[in-house]
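1. Quick one, fold the following:
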Amino acid sequence: MDTLLDIARVIASKATGRSLADTVVHDGSDTLFSGFINGLLEQRYSSDDQAALDLYGTDHQDQRYRTLKSRAFDRLLQALLLLDIRRPTHSEYVTQYHRCARNVAAARLLMSFASRKIGARIAEKTLSISKRYQFTELTLDLLILLRESYSISLERRSYQECNEQIKKYLALLKAELRSDELLHHLQILTREGDALDEHIRRSAHAWYTEHAAIPQMLDSYKITLNHHRIAIVHHGLEGNVQGFCDACDNARRFLSETPAIAHPVRVGAYGLLKLRACITGRQVHLIVHEIESIIGEFAEGSPEWFKALEYGIIALIHSESHDSAFQLWLKGRRHAVYPHIPPAFQDTWRLVEAYLHLQIQFQ
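-> Modelled structure (predicted):
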């Protein structure tokens, strides 16, 4: 049930998702099926037993319910693959990745059902986009499909060119996988262990050094961004606030200079990391002048915007700029979305309000 609810939640969250789901799952001859899909989209069911009881008056072991659930899974996946992913909600990178992934599946299906010529044409058009945005794994999928197609159609030159590209992208994929492995291993180790553990710090330094050598041999958007992420973790473990801030700035600069993968929320996330590090390390002088610009990278009323305001208020308090901190607090408190933010967030804002009033009262 959790899987179905998550898929339904994603579909329902998109502007065209609900109407798309209604079109894909419509079946006038089966009102139970339509009712089940609507219940999932509206998050009315929290468990299989609850859904089975509502639909059949039984429990989740009823074979009729299990068949219905299987059908719903297939139909919701269809709706998920047909979602309209586009800007400004999503970055150009995510938009193009979704389009290329969909085209790869379409090309593979067409080639499987004796429409190889059309499938190859789609693959060739998609390949140029995949290379431009450096979708290494999708590029490999497309090249493998095309190599097979060229071999069947006896296009020797195209086959050989395709084969050489596959070798190149296999090496790049191997480098990207090692890059991901180093980053994820480091993230797991730091979350599970003690940041003061000398073994963790030595490992982090070794992985940081190893990763720094990867872009000198093979490079891509993913490898470069991973290097900045590893640097952030490494400097955080070392307690080097200036190095941490520089690594965040490098990541933000790289994203800003690479429009294909940039998105305001993604860029702003590194600003939040930097802001939090300066607060934790008691070096708010490094960040005070950037607070307004970091807040401005998020849509007003979004959870990230409120979090940026919260960090900004704390940083301004530490720098004894109480009037500026109070103005930021008012900006959030008077926003129309404030009454709807989670209670835990509101508790933090009430605490900050009390602190600011005390600071102003006692100067």
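2. Every contact and neighbour count from this point should use C-alpha atoms.
-> Noted.
3. pLDDT below threshold where in the stretch 151-300 of the chain?
-> Flagging of the stretch 151-300 of the chain using pLDDT under 70 yields the residue ranges 192-197.
4. Assign Ala336 to helix, strand or coil.
-> Look at Ala336: counting by DSSP: H, G, I helix; E, B strand; the rest coil, its state is coil.
5. So the closest residue to it other than its chain neighbours versus Ala325, what's the distance?
-> Of all residues not flanking Ala336 in the chain, Gly301 sits nearest, at 7.8 Å (C-alpha to C-alpha, 6 or more residues apart in numbering). According to C-alpha to C-alpha, to the nearest Å, Gly301 stands 18 Å off from Ala325.
6. Could you do Ala336 as well?
-> Taking C-alpha to C-alpha as the measure, Ala336 falls 20 Å from Ala325.
7. Those two: which has the busier surroundings?
-> Ala325 (24 against 10; other C-alpha atoms under 10 Å).
8. who does the helix or strand where the more buried one lies touch, helix- and strand-wise?
-> Using DSSP states H and E, Ala325 falls within helix 322-333. Here helix 322-333 touches helix 303-318, helix 343-362, going by 3 or more C-alpha pairs under 8 Å, 6 or more residues apart in numbering; DSSP states H and E.
9. which residues does Leu172 contact?
-> Neighbouring residues of Leu172 by C-alpha atoms under 8 Å, 6 or more residues apart in numbering: Thr136, Leu218, Asp219.
10. Leaving out the residues flanking it, which one is nearest to the last one?
-> The shortest distance from Asp219 to any residue other than its chain neighbours is 7.5 Å, reached at Leu172 (C-alpha to C-alpha, 6+ apart).
11. Over to that neighbour. Which of the three states is it?
-> Following three-state DSSP, Leu172 is assigned to helix.
12. Likewise for the one 5 residues further on?
-> The three-state assignment at Leu177 reads helix, by three-state DSSP.
13. distance of it from Gln165?
-> 18 Å.
14. what's the answer for Ala299, then?
-> Distance, Ala299 to Gln165, by C-alpha to C-alpha: 41 Å.
15. got a list of what the closest residue to Ile295 other than its chain neighbours touches?
-> Leaving out its chain neighbours, the residue that sits closest to Ile295 by C-alpha to C-alpha, 6+ apart is Ala308, at 5.4 Å. Residues in contact with Ala308 (C-alpha under 8 Å, 6+ apart) are Leu272, Ile294, Ile295.
16. residues of the helix holding Ala325 that come out buried?
-> His322, Ala325, Phe326, Leu328, Trp329, Gly332, Arg333 (16 or more other C-alpha atoms under 10 Å).
17. Tell me what angle that helix forms with helix 303-318.
-> Angle, helix 322-333 to helix 303-318, by axes from the mean of the first three to the mean of the last three C-alpha atoms, to 10 degrees: 160 degrees.
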